[in-house]
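Asker: Sequence isn't available, so here's the structure alone:
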């Protein structure tokens, strides 16, 4: 368990600064601070979503329906992929069409 917590902390410690760096480079200066705050807000929403799923599907750390919990974690991932493909400017689809 200690090893898993170490790797979780390592991954969060690496991805948070990289995500903020990419967001600040891509956003215009007039909304740069707002995009950073929104990014941090959605990191927190993701953690709260995980806690909600754990409260619903897990009885303890060793018992519960972890497969359903993993399946429910796919929903935000699919929303992000579809949003990136169809909505985000300068995405791969946007660049191929134009």
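Answerer: Great, that's in hand. Quick caveat: nothing in here was measured; it's all calculated off a predicted structure.

Asker: From here on, just use CA atoms for contacts and neighbour counts.
Answerer: Fine.

Asker: residue ranges with poor pLDDT in the protein?
Answerer: 89-94 (pLDDT under 70).

Asker: Which stretches in this protein count as helices?
Answerer: 2-26, 32-57, 66-72, 74-86, 92-97 (DSSP state H).

Asker: is it possible to export these to TSV including mean neighbour count?
Answerer: Formatted as TSV, the helices of the chain follow (neighbours: other CA atoms under 10 Å):
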stretch	mean neighbour count
helix 2-26	11
helix 32-57	14
helix 66-72	13
helix 74-86	12
helix 92-97	10
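
Asker: From residue 78, how far off is residue 66?
Answerer: For residue 66, the distance to residue 78 equals 19 Å [CA to CA, to the nearest Å].

Asker: Actually, residue 12.
Answerer: 21 Å.

Asker: give me the beta-bridge partners of residue 64?
Answerer: residue 58 (DSSP bridges).

Asker: pretty sure it is touching residue 53, no?
Answerer: No - if you go by CA atoms under 8 Å, residue 64 and residue 53 don't touch, sitting 11.0 Å apart.

Asker: Identify the contacts common to the two.
Answerer: Shared contacts of residue 64 and residue 53, defined by CA atoms under 8 Å, 6 or more residues apart in numbering, are absent.

Asker: My read is that residue 69 contacts residue 54, right?
Answerer: Yes - between residue 69 and residue 54 a contact is recorded at 7.1 Å, counting by CA under 8 Å.

Asker: Now tell me what touches stretch 72-81 from outside.
Answerer: For stretch 72-81, contacts defined as CA under 8 Å, 6+ apart pick out 50, 53.

Asker: Can you give the distance from it to the centre of its chain?
Answerer: Mean-position distance between stretch 72-81 and its chain equals 9 Å (CA atoms, centre = their mean, to the nearest Å).

Asker: Check stretch 47-66 too.
Answerer: That offset, for stretch 47-66, works out to 18 Å (CA atoms, centre = their mean).

Asker: One more: stretch 25-38?
Answerer: The answer for stretch 25-38 is 17 Å, by CA atoms, centre = their mean.

Asker: ok, now stretch 65-73?
Answerer: Using CA atoms, centre = their mean, the distance between the centre of stretch 65-73 and that of its chain works out at 16 Å.
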